[in-house]
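1. next input, structure requested:
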Amino acid sequence: MPVTVGILGATGAVGQRLVQLLDPHPDFEIAALTASENSAGTSYREAAKWRIDTPIPDHIGEMTVRATEPAAVPDDIDLLFSSLPSAVGEAVEPDFAEAGYVVSSNSSNFRTDPDVPLTIPEVNPDHVELLDVQRDQRGWDGALLKNPNCSTITMVPPLAALDEAFGVERVDVSTLQAVSGAGYSGVTSMEIIDNAIPHIGGEETKMETESRKLLGEFDGSEVEWLDADVAASCNRIPTLDGHLENVWADLDGDVSVEEAAEAMAAYPSADLHSSPGPLIKVFDEPDRPQPRLDRNREDGMQISVGGIQETETGIQFNTLAHNTLRGAAGASILNGELLVEKGYV
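-> Numbering: from 1, shown residues only. Presented below is the predicted three-dimensional model:
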């Protein structure tokens, strides 16, 4: 039997991506869609203003949108995927978990809370066991699991490969982030065409904190964050999809380009439906990866790396991921698959 799922915030950009990815998923069946009060009671086709480049599934389009509250969602839903704005998620996600729902959330709220697992299944799947601590401390029958920010998820897998092989001591990163990361109405055309915006509110802090939690060690009761400094500079550029990042990693000892490339290329993926194989594609070409050429590799779920160079203190490289697939909707679905595999659903 498929796992019955619902989508909180189903009409937004990430919510639409969740619909696109979940509808054909062999293990999940969409049974509920929620949105704001203004959309509740209308058909999904009417409420969503569909902007994905594949047609809205007919049966999904005819579903009635529900209010985003536990009382409006059937209690036999096995798993909820949340793409709510962070302020809304902060207010309602605990209510759903307390009501017994298991929530895999892309929203930024609670990501660094000590009892909320922040996971990339290929990197730190053991952190999901923090849910046992969460349930014990909060008295929830349900649970709340988070995936990281789209910019964080772009650099953490290659950093995880380097840390496992050599030890990471410091990270500096400068991002070139696509406009879709701001949502459909997030950046106007007059702001971004023929331009670049060297500030994305709150983004640097997310990268600097979330990466250290993701790369930390779980001891059965808490996560000890990676003991390394991380400094980020985040920039918006006129690319539709795909975050490209320039990363400098100080490592514990001398590491050659060949050694770094081998560690990244060999870093294992996960045995989950949505995990790519391999997880990291390493390019020899100095001008790759590029958003238009490489963001859709492995259905948009692969991390691409190139331009690897030695520095005096470690390795510099460029990394790319599709921000709304690997970095948002796909990341939440991967976490949902992990929850099923680990028996939390």
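2. now do the helices in the stretch 201-345 of the chain.
-> 203-214, 257-266, 291-294, 330-341 (DSSP state H, counting those that start in this stretch).
3. can you redo the ones you listed as TSV with mean neighbour count and mean pLDDT?
-> For glycine as for every other residue, the C-beta is placed from the backbone atoms N, C-alpha and C. Formatted as TSV, the helices of the stretch 201-345 of the chain follow (neighbours: other CB atoms under 10 Å; pLDDT from 0 to 100):
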stretch	mean neighbour count	mean pLDDT
helix 203-214	22	98
helix 257-266	18	98
helix 291-294	17	98
helix 330-341	25	98
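4. out of those, which is closest to residue 164?
-> helix 257-266 (7.4 Å; CB to CB).
5. ok, back up a step: the helices of the stretch 201-345 of the chain: which one's closest to residue 305?
-> Among the helices of the stretch 201-345 of the chain, helix 257-266 sits nearest to residue 305 (CB to CB), with 5.6 Å.
6. can you list contacts of that closest one?
-> Helix 257-266 has contacts (CB atoms under 8 Å, 6 or more residues apart in numbering) with 158, 161-162, 164-166, 278, 280-282, 305, 308-310, 315, 317.
7. inside strands: which ones of those?
-> 280-282, 305, 308-310, 315, 317 (DSSP state E).
8. quick one on the thing from earlier: in TSV: the helices of the stretch 201-345 of the chain, plus distance to residue 150.
-> Below are those laid out as TSV (distance: least, CB to CB, whole Å):
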stretch	distance to residue 150
helix 203-214	9
helix 257-266	20
helix 291-294	13
helix 330-341	8
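9. which one, of these, ends up nearest to residue 27?
-> Closest among these, once you apply CB to CB, is helix 330-341, at 6.9 Å.
10. just the CA coordinates for the closest one, please, in PDB.
-> Taking C-alpha atoms only, helix 330-341 is exported to PDB below (Å, rounded to 0.1, in the frame of the first residue of the first chain):
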ATOM      1  CA  GLY A 330      13.200  17.000  -3.700                       C
ATOM      2  CA  ALA A 331      15.100  17.300  -0.400                       C
ATOM      3  CA  SER A 332      11.800  17.100   1.500                       C
ATOM      4  CA  ILE A 333      10.800  14.000  -0.400                       C
ATOM      5  CA  LEU A 334      14.100  12.400   0.200                       C
ATOM      6  CA  ASN A 335      13.600  13.000   3.900                       C
ATOM      7  CA  GLY A 336      10.200  11.500   3.600                       C
ATOM      8  CA  GLU A 337      11.600   8.400   2.100                       C
ATOM      9  CA  LEU A 338      14.200   8.300   4.900                       C
ATOM     10  CA  LEU A 339      11.400   8.500   7.500                       C
ATOM     11  CA  VAL A 340       9.700   5.600   5.900                       C
ATOM     12  CA  GLU A 341      12.900   3.600   5.700                       C
END
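11. so which residues make contact with that helix?
-> In this structure, residues lying in contact with helix 330-341 by CB under 8 Å, 6+ apart are 3, 5, 17-18, 21-22, 25, 27-28, 79, 81-83, 102, 104-106, 119-121, 125, 128, 143, 145-148, 153, 270, 272-275, 299-301, 322, 345.
12. buried subset of those as a PyMOL selection?
-> Selection command for PyMOL covering only the buried members of those, criterion 16 or more other CB atoms under 10 Å:
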select buried, resi 3+5+17+18+21+22+25+27+28+79+81+82+83+102+104+105+106+119+120+121+125+128+143+145+146+147+148+153+270+272+274+275+300+301+322+345
